[in-house]
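Undergrad: Take this sequence and fold it.
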Amino acid sequence: MNKTNERFHNLLALFDTLRLEGSITQAELKDRMQLQASTVSYLVNDLRHKGLVVNSKKNIQSVKVGKPGQLLELDNEYAYFLGLYLEETFIDAHIIGIADVEIFSQRIPLEEGSPSELPNQIIKIIENLRSLYGNIRGVGIAVKSVVDRKGNISSFKRTYMATEGPRVWSIEGFSTIIRNAFEDLLIVIENDANCAATYCQAITKHIHGNFMTVLVNNNPFGIGCGLVVNDKLFRGGNGAAGEIFFTDRTIQNLIEQQKNGHAPTEIIRLLKDAIVKGIYMMDPEVVYLSGSLFSHTDDETHQEILQTFKGLPYPIHILVEAHYSLPAKGAVLLAVDEYISDLIATMDRR
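TA: Numbering: from 1, shown residues only. Now for the predicted structure:
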């Protein structure tokens, strides 16, 4: 690796460490990144010069003898990012700073209308939030659709119950319409389960390099699977990796008919065979169950769900945050990653 590429990767690693830890001393960064103190100092100064790194106002807690070091952190106000999770009847919106501190969240009902009207509704939401938060530099959108390796989709499918039965909307050119409306904004569009896996990776601080996230939502019902391999989101050759439920007609009927009346434990039992097949195919270190199906269930129900997989030689954990939409937050992380990568690539060596 040449010096330019080495510096680029070190700056990215420094940014990632600061985002994961929240606040950390330069000495701790040296130990964490396994670099020389002088190298870390140069890297910190580069990001500080750009305005990304500031001294933290938090009090340091140290048991070491001597003067404690200065805590460093990312300046959350440097840039905001908007995360949107598109569901059938609503959009979860989250505005999060570059340091991964949330500024705003709202569940926005979707108006009924024709398929062609949905992109315009999304555009209006983005325009409205940009008018309130002018520091938004990028938008991450989590969609219930396969997204190709370049981040493009040819359609966005929206399944909902109409009077005549379940209907599926197909919106051609969805991603192009959104991108063309905001040429000055970074737009990242990704499958919702992949976004959820990205967020699980962040909140567990990358402790597992190979894992599987099963996303199960209710009201409206939806399922998906995101894979992380060698600490990287694995999309496959065409962006469809993790579509373990696609070939099961029984599960597809649940989606199309929007069976929201099933109890959480019953739904997991219906999904169990497909999940287990996916687990043995991937051989992950750990499996995370996430999504709104688990957000409002009690500990007893969580234990009943986990008992469904009793005897399986893989650890399975339920990972939820009631207040947050995991796909929306994961979409923000993906947008931030692309934004900071582009930013660091243009930084001159001082």
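Undergrad: ok, so what distance separates the closest residue in space to residue 71 that isn't next to it in sequence from residue 72?
TA: Distance criterion Cβ to Cβ, 6 or more residues apart in numbering; nearest residue to residue 71, sequence neighbours excluded, is residue 56 at 3.8 Å. No exception for glycine: its C-beta is placed from N, CA and C like everyone else's. Residue 56 sits at a distance of 6 Å from residue 72 (criterion: Cβ to Cβ, to the nearest Å).
Undergrad: So which of the two has more stuff around it?
TA: Taking other Cβ atoms under 10 Å, residue 56 and residue 72 do not tie; residue 72 has more neighbours (21 against 16).
Undergrad: Tell me, how many residues neighbour the residue lying closest to the more buried one once chain neighbours are set aside?
TA: Nearest residue to residue 72 in three dimensions, chain neighbours excluded: residue 53, at 5.6 Å (Cβ to Cβ, 6+ apart). Applying other Cβ under 10 Å, we find 22 residues neighbouring residue 53.
Undergrad: Same question for residue 320.
TA: Other residues within reach of residue 320, judged by other Cβ under 10 Å, total 18.
Undergrad: Tell me the pLDDT of it.
TA: Residue-level confidence at residue 320 comes out at 80, pLDDT.
Undergrad: can you pull the contacts of it?
TA: 290, 291, 294, 295, 326 (Cβ atoms under 8 Å, 6 or more residues apart in numbering).
Undergrad: give me every residue that touches the third one.
TA: Right, the one you point to is residue 294. 216, 264, 302, 305, 318, 320.
Undergrad: show me what contacts the fourth one?
TA: Put plainly, it is residue 305. Counting by Cβ under 8 Å, 6+ apart, residue 305 has contacts 264, 265, 268, 289, 294, 297, 318.
Undergrad: on that earlier part again, now for the contacts of residue 320, which sits with the most neighbours around it?
TA: Busiest of the contacts of residue 320 [other Cβ under 10 Å] is residue 326, holding 32 neighbours.
Undergrad: any idea how far residue 343 is from it?
TA: 26 Å.
Undergrad: buried residues in the one helix or strand residue 16 maps to?
TA: Using DSSP states H and E, residue 16 sits within helix 3-21. Across helix 3-21, burial judged by 16 or more other Cβ atoms under 10 Å covers 7, 8, 10, 11, 13, 14, 15, 18, 19, 20, 21.
Undergrad: could you dump that helix to PDB, C-alpha only?
TA: The C-alpha coordinates for helix 3-21 follow below in PDB (Å, rounded to 0.1, in the frame of the first residue of the first chain):
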ATOM      1  CA  LYS A   3       1.600   6.300   1.400                       C
ATOM      2  CA  THR A   4      -1.400   8.100  -0.100                       C
ATOM      3  CA  ASN A   5      -3.600   5.000   0.200                       C
ATOM      4  CA  GLU A   6      -2.300   4.300   3.700                       C
ATOM      5  CA  ARG A   7      -3.100   7.800   4.900                       C
ATOM      6  CA  PHE A   8      -6.600   7.600   3.400                       C
ATOM      7  CA  HIS A   9      -7.300   4.300   5.100                       C
ATOM      8  CA  ASN A  10      -5.900   5.500   8.400                       C
ATOM      9  CA  LEU A  11      -8.100   8.700   8.300                       C
ATOM     10  CA  LEU A  12     -11.100   6.500   7.600                       C
ATOM     11  CA  ALA A  13     -10.200   4.200  10.500                       C
ATOM     12  CA  LEU A  14      -9.700   7.300  12.800                       C
ATOM     13  CA  PHE A  15     -13.100   8.600  11.800                       C
ATOM     14  CA  ASP A  16     -14.800   5.200  12.400                       C
ATOM     15  CA  THR A  17     -13.100   4.900  15.800                       C
ATOM     16  CA  LEU A  18     -14.200   8.300  16.900                       C
ATOM     17  CA  ARG A  19     -17.800   7.700  15.800                       C
ATOM     18  CA  LEU A  20     -18.000   4.300  17.500                       C
ATOM     19  CA  GLU A  21     -16.400   5.500  20.800                       C
END
